[in-house]
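> sequence first, then the predicted structure:
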Amino acid sequence: MRVLPLLKKKMMIETVIAPSPQALGPDDIDPTLDLEREIGRLCRENNAIILAHYYQDGEIQELADFVGDSLDLSRRAAATQADIIVFCGVRFMAETAKILSPKRIVLMPDAEAGCSLEESCPPDAFRAFRDKHPDHLALTYINCSAEVKALSDIIVTSSNAEAIINSLPQDQPILFAPDRHLGAYLARKTGRDMLLWPGTCVVHEQFSERELLRLKSRHPGAVISAHPECPEAILCHADHVGSTSAMLKFVTDSKDRKFIIATEPHLIHQMKKAAPEKTFIPAPGADGTCSCANCPFMELNTLEKLYLCMVNMAPRVEIPNTLRIAARKPLDRMMELSPPAAANTDTPEPKPSFDPRANVA
């Protein structure tokens with residue numbers, strides 16, 4: 001299998017404006033301050049909405065006006081009437097909110113909250129990759145920078161990618177970036193021979209097949225639900241594969257009582273809320289002693305940083321208009337081709353049969 005070597009990361013367009021030197025910092029917060037109440041007050045006074053990804057800490061999820069996966073959050077960002085969007089997630093998510101709602105102020109708690117998939121796909125390298133395959137349609141996972149979105153034809157999420165691929169002509173060559181595991185899974189599901197960028201998610205790469213099987217042997221009745229960003233060695237043992245929203249729906253609707261969850265473990269917060277009578281076990285990392293799959297970028301966001309970004313009105317996302325317009329086109333195509341919201345549930349499949357047709361470029 002030939003893997004395209006990752007080029008050295010070049011400086012990308014800066015889209016996050018840092019707080020000014022005069023801004024309040026963590027040491028300026030009164031330790032007796034009720035942060036949750038103050039954040040609520042700031043939201044009311046400034047007509048702000050808090051959007052949070054499922055991978056955020058539970059206390060942030062509880063404060064959010066809406067919690068969801070990337071597709072859900074994109075739709076909310078595009079439709080909101082709020083003046084300010086506070087995005088508790090990572091940079092590419094906040095960028096997407098600004099692209100879809102350019103008139104809104106978009107804040108994020110920590111300017112350093114990036115994404116390993118975004119970092120694996122520098123715009124210059126992706127442009128060169130596209131230039132080598134001019135006949136291929138660039139289907140790009142939403143976990144990428146605004147610049148890479150601007151170089152793409154259609155953006156997809158793990159919720160809608162399969163349906164969008166199935167809507168394309170069978171003879172249309174496709175290149176998929178930046179997650180090769182998700183791309184390979186989609187190639188198997190759709191039967192399409194796609195050219196894959198070699199990026200991976202630092203979270204889902206942590207899962208260990210050996211430790212997963214050991215955990216399963218200790219809980220033989222547990223059902224395994226996995227995110228398609230996981231490597232094939234994990235997915236081949238899963239009873240269900242789906243996006244975060246699909247995983248949540250699956251465990252909620254299932255008659256089973258115990259589940260092993262192979263994705264970032266903060267999703268379990270919503271699972272416990274939806275089905276408190278059920279047991280959820282995080283899939284293990286290589287040492288078997290913990291899940292080891294907490295996203296280090298998502299964990300940069302805290303209640304203190306959420307409060308400070310609303311007080312300081314920074315970090316704030318600003319995207320040059322030319323870039324924003326170019327990046328919006330493939331996002332609009334995604335919205336046009338996506339199934340209705342209620343249909344984005346990744347209907348549970350039996351354990352996948354792995355006979356990959358995808359070529360990793």
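Now that the structure is in, tell me what you want to look at.
> do I have it right that residue 278 meets residue 257?
Yes - in this structure, residue 278 sits in contact with residue 257. The criterion is Cβ atoms under 8 Å, and the distance is 5.3 Å. Every C-beta, even on glycine, is put in place using the N, C-alpha and C of the backbone.
> low pLDDT regions in this structure?
Within the chain, the stretches with pLDDT under 70 are 1-12, 288-292, 342-361.
> residue 85 in helix, strand or coil?
On the three-state scheme (DSSP: H, G, I helix; E, B strand; the rest coil), residue 85 is labelled strand.
> quick one: neighbours of it, just the number.
25 (other Cβ atoms under 10 Å).
> so it bridges to which residues?
The residues paired with residue 85 through beta bridges, assigned by DSSP bridges, are residue 49, residue 106.
> from residue 224, how far off is the closest residue to residue 300 other than its chain neighbours?
Take residue 300 and drop its neighbours on the chain: the residue closest to it by Cβ to Cβ, 6 or more residues apart in numbering is residue 110, 4.1 Å away. Counting by Cβ to Cβ, to the nearest Å, the gap from residue 110 to residue 224 is 32 Å.
> with residue 310 instead?
Noted for residue 310: a distance of 39 Å to residue 224, by Cβ to Cβ.
> likewise residue 52?
Residue 52 sits 26 Å away from residue 224, going by Cβ to Cβ.
> the more surrounded of those two?
For residue 52 versus residue 224, the count of surrounding residues by other Cβ under 10 Å is larger for residue 52: 26 against 22.
> got the contact list for the residue nearest to the more buried one when sequence neighbours are not counted?
Closest residue to residue 52 apart from its sequence neighbours, by Cβ to Cβ, 6+ apart: residue 64 at 3.6 Å. If a contact means Cβ atoms under 8 Å, 6 or more residues apart in numbering, then residue 64 has 50-52, 56, 88 as its contacts.
> so which of those wins on neighbours?
Neighbour counts for the contacts of residue 64 (other Cβ under 10 Å) peak at residue 88, which has 31 neighbours.
> and stretch 152-170, end to end?
Distance between the two ends of stretch 152-170: 19 Å, counting by Cα to Cα, to the nearest Å.
> in it, what counts as buried?
Within stretch 152-170, the residues that qualify as buried by neighbour count (16 or more other Cβ atoms under 10 Å) are 152-165, 168.
> among those residues, which are in helices?
Here DSSP state H is the test, and the buried residues of stretch 152-170 give 161-165 as lying in helices.
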